[in-house]
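1. Give me the fold of what follows.
(2 chains)
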Amino acid sequence: DTAVSQTPKYLVTQMGNDKSIKCEQNLGHDTMYWYKQDSKKFLKIMFSYNNKELIINETVPNRFSPKSPDKAHLNLHINSLELGDSAVYFCASSRNRAHQPQHFGDGTRLSIL
Amino acid sequence: SQKIEQNSEALNIQEGKTATLTCNYTNYSPAYLQWYRQDPGRGPVFLLLIRENEKEKRKERLKVTFDTTLKQSLFHITASQPADSATYLCALGVGSGNTGKLIFGQGTTLQVKP
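-> Okay, here's the model as predicted:
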C-alpha cells in the first residue's frame, strides 16, 4: 500500500494552460505539504495544511491554489502555467507538526512546452 | 543571509568504508535537523531526526551529529554498501508549532563503489 500517492507522475503541457495535481495519504496524518524541487535539486516548501486548514503559504504566486477537501487529500491547481513552473512537485505528510518525520510521494514531473 | 550548504560535489567511496556527509548552515536557529535519502525519480525518505539538545543519534549503520555552536551536522554511514548510493538531504526544522517547517539543503550524492 502506497503511503503518499500523487497523480499524475508526469505532466507535459503548454504554457498558459491550467492543470491539477492530486495527492492522497493513507497514514492518518494531520499535516500535508506541497514542495517544489527545481533543476538544481533544491526542495522548497510551498504550502502546508493542518486538518484542512492552510498554515503555511511561502510567497507562492497566486496562480498556485491548493485545496484540501479532507485531511487525507491535498490537491494543487495551477493556472496560466509558465515556463518557470517546470519542476518536480512533491506532496508530503506528517503526523502533526513539521518537525515530525515527513513522508513523501514520488513526485509529479511537470514540463511546460 | 540564511544559507544551508551541503557538499555539492559527489562523494565517491569504496565499499566497506565510512561515508561522512556535511551539512552547514548560517543565520538559522533550528530546533531539529533531519536527514533524508532520495533515489533518482523517487521522493525523499526519512532517515534520522536529531534535536538541538542532542549531540548524536544512531540507527543501525547510520550516525548523525549536531553541533549548534559550529552550526553543523555530520552524517555518517559505516560499512558502506553499493546500495547506499543515493542523494542525501539535510533539512533544518525551523519555526514552532504548526508553522514550523523544514528548510532543505541541495543534497550530496554518494556513490559507493564495489
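
2. Please make it C-alpha for all contacts and neighbour counts, starting now.
-> Will do.

3. Does B:Gln106 touch B:Glu5 like I think?
-> Yes. Counting by C-alpha atoms under 8 Å, B:Gln106 touches B:Glu5, with 7.1 Å between them.

4. what about the two, which has more around it?
-> B:Gln106 (24 against 17; other C-alpha atoms under 10 Å in any protein chain shown).

5. Not including adjacent chain positions, what is the nearest residue to the more buried one?
-> What sits nearest to B:Gln106 in space, not counting adjacent residues and going by C-alpha to C-alpha, 6 or more residues apart in numbering or on different chains, is A:Phe42, at 4.7 Å.

6. Return the residues in contact with that neighbour.
-> Contacts for A:Phe42 (C-alpha atoms under 8 Å, 6 or more residues apart in numbering or on different chains) come out as A:36, B:104-107.

7. Three-state assignment for B:Asn98, please.
-> Three-state assignment for B:Asn98 (DSSP: H, G, I helix; E, B strand; the rest coil): helix.

8. so who does it touch?
-> Neighbouring residues of B:Asn98 by C-alpha under 8 Å, 6+ apart: A:50, A:55, A:96-98.

9. for those, which one is nearest A:Pro69?
-> A:Pro69 lies nearest to A:Asn50 out of the contacts of B:Asn98, by C-alpha to C-alpha, at 11.8 Å.

10. I'd assumed A:Asp30 was in contact with that closest one.
-> Yes. Contact criterion C-alpha under 8 Å: A:Asn50 and A:Asp30 qualify, at 5.5 Å.

11. list the residues that contact both of these two?
-> Joint contacts of A:Asn50 and A:Asp30 (C-alpha under 8 Å, 6+ apart) are A:71, A:96.

12. quick one, which of the two is more surrounded?
-> Taking neighbours as other C-alpha under 10 Å, A:Asn50 and A:Asp30 compare with A:Asn50 leading, 24 against 18.

13. May I have the beta-bridge partners of the more buried one?
-> On the basis of DSSP bridges, A:Asn50 is bridged to A:Thr31, A:Glu53.

14. Equivalent analysis for A:His103, please.
-> On the basis of DSSP bridges, A:His103 is bridged to A:Ser93.
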